[in-house]
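S.K.: Okay, sequence plus prediction incoming.
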Amino acid sequence: MIRRILSVLFLVWAIGFLWFVVALPQPAADTIRTDAVIVPTGGAGRIARGLEVLDQGLAGKMLVSGVDPEVKPAEFAAEFDVAPQAMECCVTLGFAAVDTRSNAAETAKWVAQNEVRSLRLVTTDWHMRRAAGELDRTLPEHVTVIRDAVSSQPDLGTLFLEYHKLLASRAAGLADL
């Protein structure tokens, strides 16, 4: 009996992992406009995509969540070629977050302070499900979240680790109910 239960659990895990790997989230359409774009730090191409969304007028402001406290706004602007006017009006660097869960908390606070009703979440394809799940649990229901995944070429180790983080995140979310 125990063997059957373990076999079923393994099968469910394996099918879930296969789905996770083959059905990575995709980029959002460049026709969708939101109040803001949110970019958690940590993956290649995320900030560049967020700035592209801002430059195209698809969002009016941007929060980069989880910036290292050592980074100065001028350094960020120089690194990513952001005009001083854009830094002044439209780009906020968030220094409070250290992981995906605290990215969501930092984002929720910023969304409330800026009266944001719709946002575009820009993160790496393999990270999107967990980041969006954390935001869904943290943001008020009236805030619409558009998922805009940055395509990547993750290795099997990255996918394996992220799949287990996603499972843990979902389990924690169920425990919060």
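M.R.: Good, I have the coordinates. Numbering: from 1, shown residues only.
S.K.: going forward, measure contacts and count neighbours with C-alpha atoms only.
M.R.: Fine.
S.K.: Tell me which stretches of the protein form helices.
M.R.: Along the chain, the stretches classed as helices by DSSP state H are 2-22, 46-55, 73-80, 84-89, 100-113, 128-138, 156-176.
S.K.: For those helices, give me CSV that also has mean neighbour count, mean pLDDT and distance to V122.
M.R.: Converted to CSV, the helices of the chain look like this (neighbours: other Cα atoms under 10 Å; pLDDT from 0 to 100; distance: least, Cα to Cα, whole Å):
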stretch, mean neighbour count, mean pLDDT, distance to V122
helix 2-22, 12, 95, 18
helix 46-55, 20, 96, 6
helix 73-80, 13, 96, 16
helix 84-89, 13, 94, 18
helix 100-113, 19, 97, 12
helix 128-138, 19, 96, 8
helix 156-176, 13, 91, 17
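S.K.: of all those, which lies closest to D30?
M.R.: helix 46-55 (8.0 Å; Cα to Cα).
S.K.: what's near enough to touch the nearest residue in space to K61 that is not next to it in sequence?
M.R.: In space, and not counting its chain neighbours, K61 is closest to C90: 4.3 Å by Cα to Cα, 6 or more residues apart in numbering. The neighbourhood of C90, defined by Cα atoms under 8 Å, 6 or more residues apart in numbering, consists of 60-62.
S.K.: since we're on the closest residue in space to P25 that isn't next to it in sequence, how many residues are nearby?
M.R.: Using Cα to Cα, 6+ apart and skipping the chain neighbours, the partner closest in space to P25 is D125 (5.3 Å). Applying other Cα atoms under 10 Å, we find 21 other residues in the vicinity of D125.
S.K.: quick one: contacts for D125?
M.R.: 24-26, 149-152.
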